[in-house]
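*Asks:* the following comprises the amino acid sequence and a computationally predicted model.
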Amino acid sequence: MSRMAQAIEDREVVLEVNNLVKHFPIRGGLLKRETGKVHAVEDVSFVVHRGETFAIVGESGCGKSTTGKCVLRLIEPTAGEVKLNGNDFLSLTGDALTRERRKMTLVFQDPYSSLNPRMTVADIIAEPADIAGIFATREERDAHIEKVMESVGLDLAFKNRYPHEFSGGQRQRIGIARAIVLEPELVVCDEPVSALDVSVQAKVINLLQRLQREMGLAYIFISHDLSVVKHISDTVMVMYLGHQMELASKEELFDNPLHPYTKALLDVIPRIRSERIQDKHVLQGDVPSPTHPPVGCVFHTRCPFATDRCASEVPASHEVKPGHFCACHLYDE
Ligand code: SF4
């Protein structure tokens with residue numbers, strides 16, 4: 001058995017995130033003084049294993065993309081800990097940061113706007129490797145780019161074409177090729193198929209799964225689409241207004257959801273609802289503003305089970321069953 005296969009079988013942890021917090025200051029007036037803050041991510045903790053897909057789900061604005069960007073340090077977290085292969089990633093600077101950053105990459109939601117329209121496909125894919133300066137010769141570079149193009153199913157005849165000449169699915173293949181060119185260990189996929197037609201979505205998902213098997217990649221898969229998440233994930237975290245509501249294996253979360261918010265999310269998806277007991281939970285009202293999140297449980301303004309306690313006390317995340325975490329007073333005892 002190869003080292004990579006052994007690591008996957010042993011469920012080796014690639015990424016560990018502890019108590020991650022991200023607040024964006026709001027500034028106003030002539031002096032641009034801080035007048036408040038957006039509570040984008042509050043106290044989020046999870047681990048991602050080699051060769052597995054960790055999905056983050058929730059409505060728009062729940063903090064899932066911000067969590068992914070904080071992990072990659074595309075934006076700096078306000079507080080918390082991010083460990084890559086057991087080492088503190090947030091304290092790295094200079095060359096050490098550049099080196100470790102190559103182990104984590106991002107696939108964007110919109111494959112068109114994320115590709116430079118003035119660069120050829122080969123140059124777009126090669127760009128991260130060119131910046132890292134890893135190729136000694138032009139021949140070495142060309143051979144590697146061709147290998148990557150083949151691995152994502154791009155015809156080599158397209159090497160010198162430009163992004164506008166491709167369909168949405170092909171453009172996402174280019175984005176994925178760019179993300180894996182440096183052979184990373186973890187890829188953050190931020191809504192990678194939500195801009196694509198359903199038939200193309202399946203092909204891109206299959207591609208991501210094949211690359212995961214071949215390269216032992218770990219994914220953080222960010223999505224609002226629970227049908228896609230059910231197909232691709234191993235572990236799922238549900239977020240609401242920046243908070244971690246529930247975290248469990250895919251099977252446990254879809255078969256036995258505990259948190260009222262998770263149940264409501266699952267119940268609005270017919271394909272999934274029909275597989276569950278019909279105790280329908282319908283979400284009422286809108287998501288509150290992250291600049292003034294509700295006191296206590298942030299979900300209490302929409303929760304059908306809310307009590308007085310929920311409006312004053314923040315529920316801690318408890319391990320209700322082995323590996324199944326839920327932040328709700330209903331499961332405190
Ligand atoms: Fe609902 Fe209270 Fe649980 Fe929050 S803590 S999800 S308001 S029952």
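*Replies:* Right, received. Where do you want to start?

*Asks:* in which helix or strand does the closest residue to Leu74 other than its chain neighbours reside?
*Replies:* Excluding the flanking residues, the one nearest Leu74 by C-beta to C-beta, 6 or more residues apart in numbering is Leu106, at 7.3 Å. In short, each C-beta sits where N, CA and C put it, glycine included. Element membership of Leu106 [criterion: DSSP states H and E] is strand 104-107.

*Asks:* also Phe305?
*Replies:* Here Phe305 is assigned to no helix or strand, by DSSP H and E.

*Asks:* what sits against it?
*Replies:* Residues near Phe305 by C-beta atoms under 8 Å, 6 or more residues apart in numbering: Pro260, Leu330.

*Asks:* phi and psi next, for it.
*Replies:* Main-chain dihedrals, Phe305, degrees, to the nearest 10: phi -110, psi 10.

*Asks:* quick check: what element follows the strand holding Leu106 along the chain?
*Replies:* Scanning onward from strand 104-107 (DSSP H and E), the first element met is helix 121-132.

*Asks:* other SSEs contacting that following helix?
*Replies:* On a contact count with 3 or more C-beta pairs under 8 Å, 6 or more residues apart in numbering; DSSP states H and E, helix 121-132 meets helix 138-151, helix 168-180.

*Asks:* quick one, which of these is nearest to the ligand?
*Replies:* helix 168-180 (35.8 Å; C-beta to the nearest ligand atom).

*Asks:* tell me the buried residues in that closest one?
*Replies:* By neighbour count on 16 or more other C-beta atoms under 10 Å, the buried set for helix 168-180 is 168-180.

*Asks:* about what we covered before: now the helices and strands packed on helix 121-132 in JSON lines, with mean pLDDT?
*Replies:* Compiled in JSON lines, these are given as follows (pLDDT from 0 to 100):
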{"stretch": "helix 138-151", "mean pLDDT": "96"}
{"stretch": "helix 168-180", "mean pLDDT": "95"}
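
*Asks:* Glu9: which of the ones you listed is closest?
*Replies:* helix 168-180 (22.3 Å; C-beta to C-beta).

*Asks:* okay, strands next: where are they in the stretch 151-300 of the chain?
*Replies:* For the stretch 151-300 of the chain, the strands defined by DSSP state E, counting those that start in this stretch occupy 186-190, 218-223, 235-240, 243-249.

*Asks:* and of the buried residues of helix 168-180, the nearest to Tyr112?
*Replies:* Checking those against Tyr112 by C-beta to C-beta gives Arg171 as the nearest, at 5.7 Å.

*Asks:* and the strand holding Leu106, what does it pack onto?
*Replies:* helix 64-72, helix 168-180, strand 186-190.

*Asks:* pull up the pairing partners for that strand, direction included.
*Replies:* In the sheet, strand 104-107 lines up against strand 186-190 (parallel) (DSSP bridges).

*Asks:* what angle do the partner strand and helix 168-180 make?
*Replies:* Following axes from the mean of the first three to the mean of the last three C-alpha atoms, to 10 degrees, one obtains 150 degrees for the angle between strand 186-190 and helix 168-180.

*Asks:* hmm, who's touching strand 186-190?
*Replies:* Contact partners of strand 186-190, identified using C-beta under 8 Å, 6+ apart, comprise 14-15, 48, 65, 68-69, 71-72, 84, 103-109, 179-180, 208, 217-222.

*Asks:* try it again with 6 Å
*Replies:* Applying C-beta atoms under 6 Å, 6 or more residues apart in numbering, the external contacts of strand 186-190 come out as 14-15, 65, 68, 72, 104-107, 109, 179, 217-222.
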